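Participant: Okay, predicted coordinates and the sequence, questions at the end:
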Amino acid sequence: MPSSSSSPSAQPHPATGADWQDGTGNASHQGWHNGWDNGWLRGAHRCPSPNHGPRPQGAALRLVVLHSISLPPGEFGNGCIEQLFTNTLDWDAHPYFQTIRGATVSSHFVIDRTGRVTQFVSIWDRAWHAGQSNWHGTDNCNDFSIGIELEGLEGSHFEEPQYDALVQLSAQLLKALPSIEGFAGHEHIAPGRKQDPGAGFDWSRLIGGLEALAPGLSWPSQA
Ligand SMILES: [Zn+2]
């Protein structure tokens, strides 16, 4: 779940136009081998979010932050995540939404329960997912991280296609961003404040999928 506690105001960029591709749920059908267009992953569904801003000048992209999100909690595939990230969610549509009313948040990517990847913010821009946070002694992880939300219930399990898509997306990120040093969960960079993705996320699946590609990555100590 993204947190908005340190989201700065910023001039929203105009939407660049959705570039829909058929989301079959099968990552092998998503054009993974085509790389990037100006920070946007080819083959991913695009849903541009106004909730982003520039990164600090010269900031190296060092970290990938994993989250979980479902709106309302435990309900999947209803479009509410996309609505939240594009500031079009009806806050009165569900009692839970009252608890996040007015939040202006985003992440770079969401992987839904079928493994479909949607991108909301260019990797070169600063998405608003981490909030108050610290990784290896550096505050404000939004400045230097990529945020990936896994559709799911905090602490519960994730689906096989989500792991497959996450490994492939992560591999594309590592190719594009050789400055990436490691991965962490939101729970690891905001301990006590955040618990996602939680104990239901199997870190070994991601580590195993990436170790040949990038053997020196940093992982959460309990992973
Ligand atoms: Zn989170």
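Facilitator: Structure's in. What do you need?
Participant: Number of residues surrounding Asn78?
Facilitator: Neighbours of Asn78 under the rule other C-beta atoms under 10 Å: 13. For every residue, glycine as well, the C-beta is placed using N, CA and C.
Participant: same thing with Ser204?
Facilitator: 10.
Participant: Alpha carbons of the one helix or strand it maps to, as PDB, please.
Facilitator: Using DSSP states H and E, Ser204 sits within helix 203-210. Provided in PDB are the C-alpha atoms of helix 203-210 (Å, rounded to 0.1, in the frame of the first residue of the first chain):
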ATOM      1  CA  TRP A 203      11.100 -13.700  -1.200                       C
ATOM      2  CA  SER A 204      12.900 -16.800  -2.200                       C
ATOM      3  CA  ARG A 205      10.900 -16.800  -5.400                       C
ATOM      4  CA  LEU A 206      12.200 -13.400  -6.400                       C
ATOM      5  CA  ILE A 207      15.700 -14.100  -5.200                       C
ATOM      6  CA  GLY A 208      15.900 -17.400  -7.100                       C
ATOM      7  CA  GLY A 209      14.600 -15.800 -10.200                       C
ATOM      8  CA  LEU A 210      17.200 -13.000 -10.200                       C
END
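Participant: Tell me the gap between that helix and the middle of its chain.
Facilitator: For helix 203-210, the distance from its own C-alpha centre to the chain's C-alpha centre is 17 Å (C-alpha atoms, centre = their mean, to the nearest Å).
Participant: contacting residues around that helix?
Facilitator: By C-beta atoms under 8 Å, 6 or more residues apart in numbering, the residues outside helix 203-210 that reach it are Leu66, Tyr163, Leu166, Val167, Ser170, Ala171, Leu174, Phe183, Leu217, Trp219, Pro220, Ala223.
Participant: A helix includes Ala171, no?
Facilitator: Yes - counting by DSSP: H, G, I helix; E, B strand; the rest coil, Ala171 falls inside a helix.
Participant: Please name the nearest non-neighbouring residue to it.
Facilitator: Leu213 (5.6 Å; C-beta to C-beta, 6 or more residues apart in numbering).
Participant: and if you look at Phe201?
Facilitator: Spatial nearest neighbour of Phe201, excluding adjacent residues (C-beta to C-beta, 6+ apart): Phe158 at 6.0 Å.
Participant: Kindly provide the distance from the residue lying farthest from the centre of the chain to the ion.
Facilitator: What lies farthest from the middle of the chain is Asp92; by C-alpha atoms, centre = their mean that is 25.4 Å. Distance of Asp92 to the ion, given as C-beta to the ion, to the nearest Å: 24 Å.
Participant: does any part of stretch 124-141 sit near the ion?
Facilitator: No - on the criterion C-beta under 5 Å from the ion, stretch 124-141 is out of touch with the ion, staying 6.4 Å away.
Participant: Pull the distance from that stretch to the chain's centre.
Facilitator: Remark: stretch 124-141 is offset 12 Å from the chain centroid, using C-alpha atoms, centre = their mean.
Participant: Identify each of the strands in the protein and give its residue range.
Facilitator: 36-37, 40-41, 45-46, 52-54, 63-69, 109-111, 117-119, 125-127, 134-135, 138-139, 145-151, 182-185 (DSSP state E).
Participant: Return the set of residues that bridge with the most centrally placed residue in the chain.
Facilitator: Nearest residue to the geometric centre of the chain (C-alpha atoms, centre = their mean): Ile148, 1.7 Å. Note on Ile148: beta-bridge partners by DSSP bridges are Leu66, Phe109.
Participant: No more questions from me, cheers.
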